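Participant: Task: produce atomic coordinates for the following.
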Amino acid sequence: MLRDAAPDDVGEILSMTRQLAAFEHLDAGFATTEAALAEALFSARPLLRATLAVDDETGAICGHALWHDTFGTFSGRRGIWLEDLFVRDACRRAGHARALLEHLGSLVEGRVAWDVLTWNEGAIALYDRIGARPVREWIRYSWEPSD
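Facilitator: Have a look, this model is predicted:
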C-alpha cells in the first residue's frame, strides 16, 4: 500500500534517509534534522513531498519516495524530480520500489527524473526493467554557493 506522508512520519522518514546516506557512503556529510525535514515537507509552502510504501499486513513503513514537482519548459508539462527512493532491507524484493516509481509516473504527463550512483547495480536493473533509461547527452552540475 502507498500513502502520502503525515507529520507523524517525519522521524521514520529521517531514519530511512539516514540509512540511504549510509548505503550511498555519504553519511559523513549527513546533516538533515527532523525539524528541517518537517519544514520541507509540511510548511505552508512545502518544498518536498513524501510517498510512503507500507506493508499491507503489519502497517510498517517499508520505504519512501521523496520528490518535488518540476516543469518542462520545452514540453510545457509538469514533471517530478525524485530526490530519494529508499526501501528498507527487510522489505526489499517485494515490489515497493516499483510501486513507488509507478505511482509517481501516474501523477504527471511529463517526465520523472532522478540520479543513481553508477555502482548501484540493483537500482539500475530495476530502472531498466520499468523502461527508464540513462540520459547520456547531459552532464549533471552541482553548485553550493555557500562553500
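
Participant: By neighbour count, which bits of the longest helix belonging to the chain are buried? Give me those.
Facilitator: For the chain, the longest helix by residue count, based on DSSP state H, is helix 10-23. Neighbour-count burial for helix 10-23, with 16 or more other CB atoms under 10 Å as criterion, is recorded at 10, 12-14, 16-17, 20-21. Any C-beta I mention is one placed from the backbone N, CA and C, and that applies to glycine too.

Participant: now stretch 72-92
Facilitator: Across stretch 72-92, burial judged by 16+ other CB under 10 Å covers 79-88, 91.

Participant: Residue 95 and residue 126: what is the separation?
Facilitator: To residue 126, residue 95 is 10 Å away according to CB to CB, to the nearest Å.

Participant: quick revisit: with the buried residues of stretch 72-92 in mind, which one is nearest to residue 1?
Facilitator: Nearest to residue 1 out of these is residue 91 (CB to CB; 12.2 Å).

Participant: so what's the closest one closest to, chain neighbours aside?
Facilitator: Of all residues not flanking residue 91 in the chain, residue 62 sits nearest, at 3.5 Å (CB to CB, 6 or more residues apart in numbering).

Participant: Surely that neighbour is in a strand?
Facilitator: Yes: assessed by DSSP: H, G, I helix; E, B strand; the rest coil, residue 62 belongs to a strand.

Participant: wait, is residue 66 part of a strand?
Facilitator: Yes: according to three-state DSSP, the state of residue 66 is that of a strand.

Participant: how about it, what does it touch?
Facilitator: With contact taken as CB atoms under 8 Å, 6 or more residues apart in numbering, residue 66 is in contact with 13, 17, 48-50, 82-85.

Participant: Tell me which of those residues fall in helices.
Facilitator: Mapping these onto helices (DSSP H) picks out 13, 17.
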